[in-house]
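1. Sequence first, then the predicted structure, then my questions.
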Amino acid sequence: MADGKHMNEQSIHYGPWQRAARLLVSAWSWAVLFFLILPILVIVPLSFNAEPFFSFTPGMLRLDPEAYSLRWYERIFTTGNWILAIKNSFMIGVAATIIATVLGTVAAVGLNSDAMPLRRPITALLLSPMIVPLIIVAAGMFFFYTRYNLVATHAGLIIAHAALGIPFVILTVTATLAGFDQSLYRAGLSLGASPIRSFRDIVIPLIRPGVVSGALFAFVTSFDEVVLVLFLAGPEQRTIPREMFAGLREQINPTILAVATLLILLSLALLFTLEMLRRRSERMRMPAHVTNV
């Protein structure tokens, strides 16, 4: 098989116009990628600026070591507002992720069943938080939460962020279930296992990559959310995005850029994890005779 593939690749001959087109498409793709990434990459050196400016100082352009400093990173972990924001972001994000993962996985499994009535309307309803404009969702939640005293509480933010994360879990788990062999679940039932045990020991291990991917998306959604926090949070529920928003309005200093750099690193780590899970999911779906080639 490998020899045949090599022969096919060798037999393909590209003319001058085809080669020029391939080079043009490749150059255009790199240009677009550079255009998208450049604004993000600029943040990183600016976060090490020794001066309290959002611009490159002459010393930075000359690569003067004295023009660079770590004091903005130090300020993140020595300022009370930033410490509180970090604690709130991780606490709310983890709690919302757990709720969204459990409810989203159960909903995806239920919607994947042929016996589920009204699957399309229910699916549309569950996915509506990612379709409806977020400011409308935030305004509706604010007026609803005021009746139950959930505004300016951690519980209210956790529930709101979980509602935003559930659609992502449903989508990823549903995509994983599309390649799931239902006969394995029925075989477990025929061998005497209860439905709960068959689901725990057979279904969950096979769809785990989709569940973990959905959980990561739910966590990122909660961690980056600012509109709901502006509507629902009080002084004690300030998160990292809310603190960055306030910093841009009240006191502009490179501490915000240092936080943004750390968030970029966190996003890269999550993207790497998602890519590893995607490859693992593909290997699990690939037939055994293909993986042995």
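-> Thanks, I have the structure now.
2. Now do the contacts for the residue most central in space within the chain.
-> The chain has Phe217 as the residue nearest its centroid, 3.3 Å off, counting by Cα atoms, centre = their mean. Contact partners of Phe217, counting by Cβ atoms under 8 Å, 6 or more residues apart in numbering, are Gly165, Phe168, Val169, Thr172. Quick note: C-beta positions are derived from backbone N, CA and C, even for glycine.
3. so which strand or helix has the third one?
-> What it means is Val169. The secondary structure element spanning Val169 is helix 154-177 (assigned by DSSP states H and E).
4. List the buried residues in that helix.
-> Residues 154, 156-174, 176-177 are the ones in helix 154-177 that count as buried (16 or more other Cβ atoms under 10 Å).
5. Tell me which helix or strand comes right after that helix.
-> Past helix 154-177, further along toward the C-terminus, the next helix or strand under DSSP H and E is helix 182-190.
6. And the contacts of that next one?
-> Applying Cβ under 8 Å, 6+ apart, the external contacts of helix 182-190 come out as Pro195, Arg197, Ser198, Phe199, Asp201, Ile202, Val203, Leu206.
7. if you set the cut-off to 7 Å instead, what comes out?
-> The set of residues external to helix 182-190 that reach it, using Cβ atoms under 7 Å, 6 or more residues apart in numbering, is Pro195, Ser198, Ile202, Val203.
8. Pick out whichever of those residues sits closest to Ala108.
-> Comparing these against Ala108 with Cβ to Cβ picks out Val203 as the nearest, at 10.8 Å.
9. ok, that closest one - contacts?
-> Tyr185.
10. hey, where'd the helices end up in the stretch 51-200 of the chain?
-> 58-61, 71-76, 80-111, 119-127, 134-146, 154-177, 182-190, 195-198 (DSSP state H, counting those that start in this stretch).
11. I'd like the ones you listed laid out as a markdown table, including mean pLDDT.
-> Shown next, in a markdown table, are those (pLDDT from 0 to 100):
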| stretch | mean pLDDT |
| --- | --- |
| helix 58-61 | 75 |
| helix 71-76 | 91 |
| helix 80-111 | 93 |
| helix 119-127 | 88 |
| helix 134-146 | 92 |
| helix 154-177 | 92 |
| helix 182-190 | 78 |
| helix 195-198 | 82 |
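12. For Gln251, find the nearest of the ones you listed.
-> Smallest distance to Gln251 across the helices of the stretch 51-200 of the chain (Cβ to Cβ): 10.4 Å, for helix 80-111.
13. Give me the helices and strands touching the closest one, please.
-> With contacts defined as 3 or more Cβ pairs under 7 Å, 6 or more residues apart in numbering; DSSP states H and E, helix 80-111 has these neighbours: helix 119-127, helix 154-177, helix 204-224, helix 240-250.
14. Now the buried members of the contacts of helix 182-190.
-> Under a neighbour-count criterion of 16+ other Cβ under 10 Å, the subset of the contacts of helix 182-190 counted as buried comprises Ser198, Ile202, Val203.
15. From those residues, pick the one nearest Arg120.
-> Proximity of the buried ones among the contacts of helix 182-190 to Arg120 was ranked by Cβ to Cβ; the top entry is Val203 with 22.8 Å.
16. Quick check, pLDDT for the closest one.
-> Val203 carries a pLDDT score of 82 in this model.
17. now the helix holding Val169, how far from the centre of its chain.
-> Computed by Cα atoms, centre = their mean, to the nearest Å, the separation of helix 154-177 from the middle of its chain amounts to 11 Å.
18. angle of it against helix 80-111?
-> With axes from the mean of the first three to the mean of the last three Cα atoms, to 10 degrees applied, the angle from helix 154-177 to helix 80-111 works out at 40 degrees.
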